[in-house]
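1. Just a sequence and a predicted model for now, questions to come.
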Amino acid sequence: MCLAVPVKITCIEGDQADVDIGGVSRRVSLALTPEAALGDYVLLHTGYAINVLNEAEAQETLDLLERMVEADELRS
């Protein structure tokens, strides 16, 4: 199974971007999403932005991921 995570673009330099994921910054490739712009949310998979999302879609997924983490912590 593969997992792609929504991240927000904070800086773009050519076909590379800095993105924020939970307060952590990572450098990713925009080679597959040249239409992505500063402030956009993109799905990140193995270092590549593979799709541009609107903010509502991104937030819904981030909320679900957070709820999964919380549920797992309650089980422990």
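-> All right, it came through fine.
2. Could you measure from Ala4 over to Gly14?
-> 22 Å (Cβ to Cβ, to the nearest Å). Yep, even glycine has a C-beta here, placed from its N, CA and C like the rest.
3. which of the two has more neighbours?
-> In this view Ala4 and Gly14 are compared by other Cβ atoms under 10 Å, and Ala4 has more residues nearby, 16 against 8.
4. if I read this right, that one contacts Tyr48, doesn't it?
-> No - applying Cβ atoms under 8 Å, one finds Ala4 not in contact with Tyr48, separated by 9.2 Å.
5. for this structure, which spans come out with low pLDDT?
-> Low-confidence segments of the chain, defined by pLDDT under 70: 1.
6. A strand includes Asp72, no?
-> No - counting by DSSP: H, G, I helix; E, B strand; the rest coil, one finds Asp72 to be helix, located in no strand.
7. all numbers from here: first residue = 101
-> Sure, I'll start counting at 101 from here, so that last one is Asp172.
8. okay, now it: neighbour count?
-> Asp172 sits with 9 neighbouring residues when counted by other Cβ under 10 Å.
9. if I look at it, how far off is Glu166?
-> Distance, Asp172 to Glu166, by Cβ to Cβ: 11 Å.
10. go on, Arg127?
-> 24 Å.
11. Tell me the spacing between Glu166 and Leu143.
-> On the measure of Cβ to Cβ, Glu166 and Leu143 end up 17 Å apart.
12. ugh, wrong one, Ile150
-> Taking Cβ to Cβ as the measure, Ile150 falls 5 Å from Leu143.
13. so what sits against both of these two?
-> Ala104 (Cβ atoms under 8 Å, 6 or more residues apart in numbering).
14. more neighbours, these two?
-> A count of neighbours by other Cβ under 10 Å puts Leu143 above the other of Ile150 and Leu143, at 20 against 15.
15. did I read that right, the more buried one in a strand?
-> Yes - read with three-state DSSP, Leu143 is one of the residues of a strand.
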